[in-house]
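**Q** give me a model of this one.
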Amino acid sequence: MTNNTSAFRRLELILDAGSFMELGEGVTARSTDFGATGKALSDGVVTGYGSIDGRPVYVYSQDASVMGGTLGEMHAKKILRMYKLAMKTGTPVLALIDTNGLRLEEGADALHAYGKLFKAQADARGIVPQIAAVFGSCGGGMAVAAGMADFVLTEEGKGNIFINAPAARAYTGKRNEIDKFLKAAPSNDVAAQTGDEESLCAYIRTLYGYLPLSFEDCAPVVESEDDLNRLVSCSDPADPEDVLMQIADAGSYLEVGAAKKGAALTGFMRLDGMTVGFVANKEEKLTAAACEKMAEFVDFCGAFDLPLLTVTNAAGFSNAAGEEEALPKAAAYLAGAFACAEVPSVNLITGKAMGSAFSVMNNKALGAEFVFAWKDAKVQVMPEDAAVKILFEEDLAKSPDKPAFIAGKGQEYLTKAGLEGFLARGYVDRAIEPEDSRKTVLGAFEMLLAQEY
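**A** Residues are numbered from 1 along each chain as shown. This is a model prediction of the structure:
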């Protein structure tokens, strides 16, 4: 394969200059059934190793100009060798996908190859990070392979992940609705769209800088000149992105999974140069999709021992149509993910943390070492007026001035069962001014990570 193909161009954009070493350059397909010649060198995929900012990575890059980039026996064998070496050395795997899918001419061998690839990816999960970037088509079994990666990225407008091709899908509704569906990006549920090819390659380089090489490795630490005690101007709990960006070292905020369904933020930041993962809900009512999105990211941080910051503003769970059926399992997944992620973790409550939503958003019972709350945060079982109507039902019925009664008893409820009550029981460590968020969170992580860095 010549080195002027798209497969090589993408490698040049991502890897350090001159660092790529190709392996398996002379591999060809064995099958000659159905007119296959087996003469295309590299069998439609470039494999090898290189570095990103001096850190090693194994990589495979499919080339749709060679047999459509289709996966066959030897094509898969080359990729499997990358996984074997990655597992042996504790090195991440980067997949640059551009394929028409299964190589039909190889039939049974190609299907068996998919199974072996899935097994290798499953074995590597939680051992070494896996990044999949889709630059063109990614159909059938390769869609499954992409979905098994820890991070799935697509080139905006071109990356196309699908199990069934459009012609094989069943549709209902009017023709214009079908056309709208066909034009919609089919990968939004699983991938983050990240600009054109060059932008996507640059994003991969940036993302790689936050990741450990393996579960036994520490994430990179960089020099930071940002003021450790810098005050922040964020004060709106409804804007968690602004809160996170101001807490983070300047310029270090990196969102991942931006196009995934779910009103939640997930990603990485640096605090005094240390890598920290973050999750935050974007809407006051938690949805099933938001819970699942956060849980998946918490699982990744737990597997690779990455510290975790949770920013909470949750008044409860969504009561929208369809949510009731999906929420129990999704909320359980989130609670379980926090409970199993035995990593240094801090929870910052900026707005509301009420009822069961408080219980699933990384409280101390689930493992958070520190829980802080803004001074005006509402941390309680339910809104005070609703609580008063239940707790003092008979007295309220007899009261001649019901609004005054509710207001008075509501303040009593807040003192005993609101933020003050949570502080008194030690469930919240400290109530802070919003402007102190960076230095408070950063100081907590420095104590938790003192022996690691």
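**Q** could you pull out the strands for the stretch 51-200 of the chain?
**A** If DSSP state E, counting those that start in this stretch is used as the criterion, the strands of the stretch 51-200 of the chain fall at 55-62, 93-97, 130-134, 137-139, 151-154, 160-162, 192-193.
**Q** closest one to residue 297 among the ones you listed?
**A** strand 151-154 (9.9 Å; Cβ to Cβ). The C-beta positions use only the backbone N, C-alpha and C, and glycine is treated the same way.
**Q** what strands flank the closest one, and is each parallel or antiparallel?
**A** In the sheet, strand 151-154 lines up against strand 130-134 (parallel), strand 192-193 (parallel) (DSSP bridges).
**Q** mind saving the C-alpha coords of that strand as PDB?
**A** Extracted in PDB, the C-alpha atoms of strand 151-154 (Å, rounded to 0.1, in the frame of the first residue of the first chain):
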ATOM      1  CA  PHE A 151     -14.400   6.500  23.200                       C
ATOM      2  CA  VAL A 152     -16.100   6.600  19.800                       C
ATOM      3  CA  LEU A 153     -15.600   9.700  17.600                       C
ATOM      4  CA  THR A 154     -16.900  10.500  14.100                       C
END
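**Q** so for that strand, mean pLDDT?
**A** Mean pLDDT, strand 151-154: 92.
**Q** also stretch 419-431?
**A** Averaging pLDDT along stretch 419-431 gives 93.
**Q** could you check the pLDDT of the closest residue in space to residue 163 that isn't next to it in sequence?
**A** Once flanking residues are discounted, residue 163 sits nearest to residue 143: 5.2 Å by Cβ to Cβ, 6 or more residues apart in numbering. Per-residue confidence (pLDDT) for residue 143: 86.
**Q** was I right about residue 143 contacting residue 164?
**A** No. Contact between residue 143 and residue 164 fails when scored by Cβ atoms under 8 Å: they sit 9.3 Å apart.
**Q** okay, the two: which has more neighbours?
**A** When residue 143 is set against residue 164 and neighbours are counted by other Cβ atoms under 10 Å, the residue ahead is residue 143, at 24 against 12.
**Q** how about the contacts made by the more buried one?
**A** Residue 143 makes contact with 161, 162, 163 under the criterion Cβ atoms under 8 Å, 6 or more residues apart in numbering.
**Q** quick check: the first one vs residue 152, distance?
**A** When Cβ to Cβ, to the nearest Å is applied, the distance between residue 161 and residue 152 equals 7 Å.
**Q** so these two - more neighbours on which side?
**A** residue 152 (28 against 24).
**Q** where in the stretch 301-450 of the chain is pLDDT low?
**A** 384-385, 387-388, 396, 409-410, 414, 416-417 (pLDDT under 70).
**Q** same thing but at 90, please
**A** Applying pLDDT under 90 to the stretch 301-450 of the chain flags the ranges 319-322, 324, 354-356, 380-418, 420-421, 450.
**Q** now the stretch 1-150 of the chain
**A** For the stretch 1-150 of the chain, the ranges with pLDDT under 90 are 1-7, 24-45, 62-77, 98-116, 136-144.
**Q** that one: helices as residue ranges?
**A** 6-14, 73-89, 107-124, 141-147 (DSSP state H, counting those that start in this stretch).
**Q** buried deepest among these, which one?
**A** helix 141-147 (a mean of 22; mean count of other Cβ atoms under 10 Å).
**Q** mind putting the strands paired with strand 151-154 in TSV, distance to residue 336 included?
**A** As requested, the strands paired with strand 151-154 are arranged in TSV below (distance: least, Cβ to Cβ, whole Å):
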stretch	distance to residue 336
strand 130-134	22
strand 192-193	24
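**Q** now the ones you listed as CSV including mean neighbour count and distance to residue 346?
**A** What follows is those, written out as CSV (neighbours: other Cβ atoms under 10 Å; distance: least, Cβ to Cβ, whole Å):
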stretch, mean neighbour count, distance to residue 346
strand 130-134, 25, 27
strand 192-193, 20, 25
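**Q** how about those strands, which one is nearest residue 304?
**A** Using Cβ to Cβ, the nearest of the strands paired with strand 151-154 to residue 304 is strand 130-134, at 11.3 Å.
**Q** just want the most central residue of the chain.
**A** In the chain, the residue lying closest to the centroid (Cα atoms, centre = their mean) is residue 297, at 4.2 Å.
**Q** which of the residues in the longest strand along the chain are buried?
**A** Counting residues, the longest strand in the chain under DSSP state E turns out to be strand 345-354. Within strand 345-354, the residues that count as buried by 16 or more other Cβ atoms under 10 Å are 345, 346, 347, 348, 349, 350, 351, 352, 353, 354.
**Q** repeat for stretch 148-161
**A** Here stretch 148-161 shows 148-156, 158-161 as buried, counting by 16+ other Cβ under 10 Å.
**Q** please consider this matter closed, and thank you.
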